[in-house]
Each structure stands twice: as structure tokens, then as C-alpha cells.
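# sequence and computational prediction follow.
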Amino acid sequence: MAALQASSLVLSSSSFSSACSSKRRITASVQFPRPSKLSHADDASAAFTKKLVEEFSTRNGYAFAEPLEMDVAQKESVLEPRLSPASSIETITKLYAILEAVDDRVEMHDNIGEQRDNWNDLLLNSVNMMTLTATTTAAMAAAAPAPSLRACSALLFTAATGMSLVMGKIQPSQLAEEQRKASRLFKQLRSEIKTMLALQSPTESDVKEMMEKVLAVDRAYPLPLLGAMLEKFPAKFEPAAWWPRVSSNCRQSGGQKTIANTERNGWSEDLEVEMRAIVQVLKSKDKQDYLRLGNLALKLNKKLAVSAPFLAGIAAAGSAFGSPTAMMVAATAGAMAAIINSFEHGGQVGMVVEMYRNNAGFFELMEETIEATLEERDYSKREDGEMFEMKVAMKLGRSLSELRDLARKSMASCIQGTEVDEFGSKLF
């Protein structure tokens with residue numbers, strides 16, 4: 001019996017020494033069930049083993065938890081999940097309802113975007129086929145005058161004129177790009193809500209913020225064509241805005257807040273200066289460039305949208321006169337109308353206008369986000385500085401070192417009065 005106890009002591013001490021050598025820190029112990037009855041020898045063995053472990057931990061500076069001392073209340077407090085008092089079942093249910101609505105909007109915008117893209121192809125092919133057929137008929141009527149040929153040519157040119165006017169008004173390629181952008185934004189919102197449900201404790205303010213974002217995207221990219229359709233030829237080209245606008249009063253009140261805590265939440269003065277320099281580059285280079293290109297594309301699209309129906313109308317009027325010279329004019333105008341239609345809608349100039357509008361809006365959103373973050377004086381309400389810097393770098397398609405180099409160039413250009421030789425974004 002004494003040999004058996006000695007061997008058990010040797011085994012237990014060797015097992016503890018091997019465990020301690022392989023893992024330098026032990027933070028919790030496993031609670032094994034006690035036997036119902038212990039002999040006197042077993043009590044002596046357990047006491048000796050406990051004393052040996054305490055000596056070893058004292059000499060080597062290890063922190064052992066007290067074995068077999070965790071009661072039921074402590075165990076429940078450790079193993080029980082802790083729910084935040086800020087969130088509730090009602091709040092989570094509301095977020096899931098918003099998530100379902102966002103999923104439905106993604107499906108709607110995908111389907112309608114595909115439908116409007118098909119409109120562009122079908123209408124363009126139909127208009128071009130009618131225009132080219134009428135052109136051929138007018139040329140034949142000029143060579144061999146026939147009332148039936150003139151009537152067919154005039155009818156086809158008139159129908160092509162009406163359809164060109166409709167296409168120029170609604171711009172199907174631009175409508176399809178609007179729905180693609182809206183679908184992408186709603187997918188981003190869906191991902192944001194899922195992340196919030198998985199990693200955070202949502203509150204009522206989160207629910208209100210998500211609802212405002214959903215409604216802002218609805219206003220920016222409406223689905224109906226009648227009444228709510230965006231103006232395709234505005235007097236002034238402006239960036240798209242798909243986020244809830246923050247009033248200047250709210251910004252000023254936020255900027256007057258005092259610092260509630262001494263920790264800077266990953267922010268430093270150098271990082272704030274870097275972010276302001278990045279904003280300056282985005283304003284002076286990227287945003288201005290897309291506004292310039294958008295204005296050029298909008299003016300070109302206006303001219304094309306007017307020229308095609310105008311030429312088709314001239315062709316229809318020439319076919320109605322019936323003289324050989326008028327028929328030749330009709331054939332020439334019809335051919336030019338087909339070329340302009342193919343360039344405008346086949347080249348999807350309206351889609352290019354919308355793309356420039358969205359890109360300019362993207363840079364404006366980045367500017368507002370960075371400025372609003374820097375104006376917040378309570379660092380605990382800001383996003384972590386390192387995380388914020390990484391997100392800005394990823395959105396611009398840059399590494400952290402490239403982002404800092406760009407900020408240094410921007411600050412040097414302000415000091416020297418020169419212009420930065422590169423754009424802020426490397427994505428588009």
C-alpha cells in the first residue's frame with residue numbers, strides 16, 4: 001500500500017511538472033467529482049500533493065487556481081452568458097425586421113435592374129431596325145418613286161422618332177446603373193446589420209440609424225418611373241447622396257463637446273493631421289475630377305438625346321413630301337439618327353453619367369465621414385483610430401504606408417503651394 005502511494009505521488013508530481021513546463025500560465029482548474037468516501041491514506045496523499053503544488057508555484061511564480069474550490073455560484077457566474085442591458089429582444093426583433101426589408105429590396109433592385117438593362121438592348125435594337133428599314137425604303141423611293149414606299153418610310157421614321165424621345169427621356173442604361181448601385185448599397189447595409197447582430201449589443205439608436213439609412217437609399221435610387229424618377233438632365237451636375245444628411249447644427253454641437261475621458265481611443269495628433277490631409281486630396285483631386293468628367297458626359301448626353309429624335313423627325317418629314325430630293329434627305333437623316341442612337345444607347349452614355357455621379361458621391365461621403373469623426377471631441381464616441389485609418393486605406397485601395405505617404409505629399413503641397421501629383425483613390 002505504501003509503495004502504491006509513493007508511486008502515485010511520483011506520478012502526480014511528474015505530471016504537474018510536465019504540465020507546468022509545457023504551459024507557463026495556468027488560469028483555471030478543472031473540477032473533478034469527489035469520491036463519496038475517502039480513506040485516511042487518500043486524504044494524506046491529497047494533502048501532500050496540494051502542498052507540493054503550492055511549493056512549486058511559490059518558487060516559480062506561477063498563478064494556480066485553487067483546485068476543487070469553485071462553488072456552484074461561481075461556476076454559474078463564469079459559464080453563464082452575459083447579455084448587455086442596452087439590448088433587448090424587442091430591439092433585436094426590430095433589426096431582424098429591417099434586415100428582411102433590406103433583403104427584399106436587394107431582390108427588387110436586382111430584378112428591376114436586369115429588366116431595365118434588357119429595355120436598353122431591346123429598345124435600341126428596335127429603334128435601329130426601324131430607322132435603317134425606313135432609310136432603305138426612302139432610298140428605294142428616291143430611285144423609283146412609289147406611294148407605298150413613301151408611306152412605309154414616313155410611318156417607320158415617325159415611330160422611330162417617338163421611341164427615340166422615350167429612350168432619351170428615361171435613359172434605360174442610366175436606370176439600370178441606378179438599380180445596380182442601389183442593390184450594392186443594400187447589400188452593404190445587410191452585411192452591416194448582420195455584423196451588428198453578431199458582434200454588438202444593438203440599441204434603439206442603432207435601429208433608428210439603420211432605418212434612416214434604408215430610407216436614404218430609397219430616396220436616392222427610387223424604383224418608380226413616373227413622378228419619382230430622378231432627373232436625367234439636371235441643370236447642374238451634382239454628386240449622388242445615398243446617406244442621411246447631418247445638419248450643420250448637429251455638427252457644431254458635437255464639436256463643442258468636452259473630452260469626457262483621457263484615453264484617445266487609438267487616436268493621436270499625427271493621425272488627425274493625416275486624416276485632414278487625406279480629405280484635402282479627395283476634395284481637390286478626386287471629387288473635382290469626377291465632377292468635371294460628369295459635366296462633360298452630361299452635356300454630351302444632352303446633345304445626343306436631342307439630336308437622334310431631331311434627325312429622325314427630319315427624316316419623317318422628308319418622307320412625307322415625296323420628292324426625290326426630300327427622300328434622299330430623309331435617307332441621310334435616318335442613317336445619321338441610327339448612328340447617334342447606337343453611340344448614345346449602345347455606348348451607354350447615360351450609364352457613364354450615373355457612374356461619375358456615384359463616384360463623386362463616394363468621395364463626398366468619405367469627406368463627410370472623416371470630418372464628422374474629427375469634429376467629435378469625445379474620443380470614446382469615435383471609432384478606434386487604427387481601425388478607422390485601415391478602413392480609409394482599404395476604401396482608397398492603398399496600404400497604410402501608401403496612405404501616410406499621400407498625407408505627407410498633401411501637407412508638403414500646402415506648405416510649398418504646389419499641387420499633389422496623384423489622386424487619392426487607386427480603385428477608380
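Yep, that arrived.
# ok now the host helix or strand of residue 122, how far from the chain's centre?
Element membership of residue 122 [criterion: DSSP states H and E] is helix 89-143. Helix 89-143 sits 23 Å away from the centroid of its parent chain (C-alpha atoms, centre = their mean, to the nearest Å).
# and it, what does it pack onto?
Other elements packing on helix 89-143 under the criterion 3 or more C-beta pairs under 8 Å, 6 or more residues apart in numbering; DSSP states H and E are helix 147-170, helix 172-199, helix 204-220, helix 288-321, helix 324-341. C-betas here are computed from N, CA, C, even on glycine.
# averaged pLDDT, it. What do you get?
Here helix 89-143 scores 92 as its mean pLDDT.
# now that helix and helix 204-220, what's the angle there?
10 degrees (axes from the mean of the first three to the mean of the last three C-alpha atoms, to 10 degrees).
# can you pull the contacts of residue 158?
Residues in contact with residue 158 (C-beta atoms under 8 Å, 6 or more residues apart in numbering) are residue 316.
# how near is the residue nearest to residue 314 when sequence neighbours are not counted to residue 323?
Counting by C-beta to C-beta, 6 or more residues apart in numbering, residue 314 lies nearest to residue 333, which is 4.4 Å off, once chain neighbours are set aside. Residue 333 sits 15 Å away from residue 323, going by C-beta to C-beta, to the nearest Å.
# neighbour count for those two, which is higher?
residue 333 (24 against 12; other C-beta atoms under 10 Å).
# that one contacts residue 311, doesn't it?
Yes - counting by C-beta atoms under 8 Å, residue 311 is a contact partner of residue 333 at 4.6 Å.
# can you pull out the low-pLDDT segments for the stretch 301-428 of the chain?
For the stretch 301-428 of the chain, no stretch has pLDDT under 70.
# scratch that, the stretch 151-300 of the chain
Ranges of the stretch 151-300 of the chain meeting pLDDT under 70: 246-262.
# for burial, what's the neighbour tally of residue 414?
The number of residues packed near residue 414 is 13, by other C-beta under 10 Å.
# correction: the previous question concerned residue 427.
So residue 427, with other C-beta under 10 Å, has 11 neighbours.
# how much space is there between the residue lying closest to it once chain neighbours are set aside and residue 426?
Excluding the flanking residues, the one nearest residue 427 by C-beta to C-beta, 6+ apart is residue 397, at 4.0 Å. Separation of residue 397 from residue 426 (C-beta to C-beta) stands at 4 Å.
# got it, and residue 299?
From residue 299 to residue 426 the distance is 28 Å (C-beta to C-beta).
# same question, residue 272
23 Å.
# ok, now residue 123?
To residue 426, residue 123 is 37 Å away according to C-beta to C-beta.
# what does residue 282 give?
Taken as C-beta to C-beta, the span from residue 282 to residue 426 is 13 Å.
# okay, these two: which has more neighbours?
More neighbours surround residue 282 than the other of residue 282 and residue 426, with 23 against 12 (other C-beta under 10 Å).
# so that one sits against residue 424, correct?
Yes - taking contacts as C-beta under 8 Å, residue 282 lies within contact range of residue 424: 4.8 Å.
# tell me, what's touching the two both at once?
Common neighbours of residue 282 and residue 424 (C-beta under 8 Å, 6+ apart) are residue 363.
# the residue nearest to residue 427: what secondary structure?
Counting by DSSP: H, G, I helix; E, B strand; the rest coil, the backbone at residue 397 sits in coil.
# run through the residues that contact it.
Counted by C-beta under 8 Å, 6+ apart, residue 397 has contacts 425-427.
# what distance do you get for it to residue 304?
32 Å.
# just the CA coordinates for stretch 129-136, please, in CSV.
Extracted as CSV, the C-alpha positions of stretch 129-136 are listed here (Å, rounded to 0.1, in the frame of the first residue of the first chain):
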residue,chain,number,x,y,z
MET,A,129,-34.1,48.3,-87.1
MET,A,130,-37.0,50.7,-87.8
THR,A,131,-34.6,53.6,-88.7
LEU,A,132,-32.5,51.5,-91.0
THR,A,133,-35.5,49.9,-92.7
ALA,A,134,-37.1,53.3,-93.2
THR,A,135,-33.7,54.6,-94.6
THR,A,136,-33.6,51.8,-97.1
